[in-house]
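Enquirer: requesting a structural model of the entry that follows:
(chains A, B, C and D)
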Protein chains: 2
Amino acid sequence: MNIGDVSTRSGLPAKTIRYYEDIGLIKPRRSENGYRCFVEADLHKLAFLGRARALGFTIEDCRMLMALYEDESRASGDVKQLALEHLSKIETKIADLEAMRDTLTELVHCCAGDSRPDCPILKDLSGKV
Amino acid sequence: MNIGDVSTRSGLPAKTIRYYEDIGLIKPRRSENGYRCFVEADLHKLAFLGRARALGFTIEDCRMLMALYEDESRASGDVKQLALEHLSKIETKIADLEAMRDTLTELVHCCAGDSRPDCPILKDLSGKV
DNA sequence: CTTGACCTTCCCCTAACTGGAGGCCCCAAA
DNA sequence: TTTGGGGCCTCCAGTTAGGGGAAGGTCAAG
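Expert: From the prediction side, this is the model:
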């Protein structure tokens, strides 16, 4: 398979696939013409990476997850711990965003949003509360 | 005021303040020795920027908000629109993160997390569902 | 006079790609 | 046989919003 096929089948852009090779996440062989030459196992790895990234794991997390995946004698506890740490970062981000959302929602509700210059949003940002 | 004082009073790191000058958000005068020389108005702007950034507005949003703030004849509707657009981006991010959280939570609950290699998390990532 | 704190500019680094330039490679049509 | 259009290659630069640190100027106190 050439990179275009793998891109279509994995749903990852070709650029991303080359990048993953650059940073050592995959190691496709090369054809004589220099083209990357992917086998099913590469495609499988890329799909794995795509799913892990979609769950918000960082590239370094993905590297560890792949290593664990390929280690037949792994402990599932190691995977779970990684997932739990990631989960707690996600929870933190959600809480931060919710705080922003709540403040903004309140400000937006206070603002007439018409053609007059009086604006509670700017007033709040300027510290005149 | 020197940058250290402004940093303390605004809560922004000196690096950030220099960066904001670099990108034209503030334009402090200079003393004869080359030091930045801040007046109260600068401090006020920086506090404004700090609050807007804390609400998750991008730098470019901040630039527009500042312009609106300084435009006495602005329409509050313009500010409200900016805030509403930002709010919708935040809602989207929250929804994305919540979807990740839910999937991860389920996977974590399915995983024994012990020393055995069998792991539903890796199984899911590998696509064997 | 020296020391230490503070200030300056400059450059590189982050995460995870994305876009583009310049240049091969390959296949099919005219 | 040539030409055209994709697809592929590598390398470089840019993205966000600053952070880290080096090399060097400035200032106040002891």
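Enquirer: quick one: what helix or strand has the nearest residue to residue A:24 once chain neighbours are set aside in it?
Expert: Closest residue to residue A:24 apart from its sequence neighbours, by CB to CB, 6 or more residues apart in numbering or on different chains: residue A:63 at 8.0 Å. Glycine gets a C-beta too; all of them are placed from N, C-alpha and C. Per DSSP states H and E, residue A:63 falls inside helix A:59-70.
Enquirer: how about residue A:124?
Expert: Per DSSP H and E: helix A:120-125 holds residue A:124.
Enquirer: still on that earlier bit, after the helix holding residue A:63, which helix or strand is next?
Expert: Using DSSP H and E, the first helix or strand after helix A:59-70 is helix A:76-110.
Enquirer: count of neighbours near residue A:77?
Expert: By the criterion of other CB atoms under 10 Å in any protein chain shown, residue A:77 has 15 neighbours.
Enquirer: wait, it sits on residue B:114?
Expert: Yes - in terms of CB atoms under 8 Å, residue A:77 counts as a neighbour of residue B:114; the distance is 5.5 Å.
Enquirer: contacting residues around residue A:104?
Expert: B:55, B:83, B:86, B:87, B:90 (CB atoms under 8 Å, 6 or more residues apart in numbering or on different chains).
Enquirer: not counting sequence-adjacent ones, nearest residue to the fourth one?
Expert: Nearest residue to residue B:87 in three dimensions, chain neighbours excluded: residue A:104, at 5.1 Å (CB to CB, 6+ apart).
Enquirer: and that neighbour, how far from residue A:30?
Expert: 51 Å (CB to CB, to the nearest Å).
Enquirer: quick one: end-to-end length of stretch A:122-129, please.
Expert: Using CA to CA, to the nearest Å, the end-to-end distance of stretch A:122-129 comes out at 10 Å.
Enquirer: which phi and psi values does the spatially most distant residue from the centre of chain A adopt?
Expert: Farthest-out residue of chain A from its mean C-alpha position, per CA atoms, centre = their mean: residue A:116, at 41.9 Å. Backbone torsions of residue A:116, given as degrees, to the nearest 10, read phi -80, psi 160.
Enquirer: ok, it touching residue B:76?
Expert: Yes - with contact defined as CB under 8 Å, residue A:116 counts as touching residue B:76 (5.9 Å).
Enquirer: show me chain A divided up by domain.
Expert: A:1-57, A:75-129 (automatic domain parsing).
Enquirer: re the thing from before, is chain B within reach of the helix holding residue A:124?
Expert: Yes - Helix A:120-125 reaches chain B (CB under 8 Å from any CB of the partner chain) through A:121, A:122, A:124, A:125.
Enquirer: elements contacting that helix?
Expert: Contacts defined by 3 or more CB pairs under 8 Å, 6 or more residues apart in numbering or on different chains; DSSP states H and E place helix A:120-125 against helix A:76-110, helix B:40-54, helix B:59-70, helix B:76-110.
Enquirer: repeat that with 6 Å
Expert: helix A:76-110, helix B:40-54, helix B:76-110 (3 or more CB pairs under 6 Å, 6 or more residues apart in numbering or on different chains; DSSP states H and E).
Enquirer: could you dump those helices to JSON lines with mean pLDDT?
Expert: As requested, these are arranged in JSON lines below (pLDDT from 0 to 100):
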{"stretch": "helix A:76-110", "mean pLDDT": "97"}
{"stretch": "helix B:40-54", "mean pLDDT": "97"}
{"stretch": "helix B:76-110", "mean pLDDT": "96"}
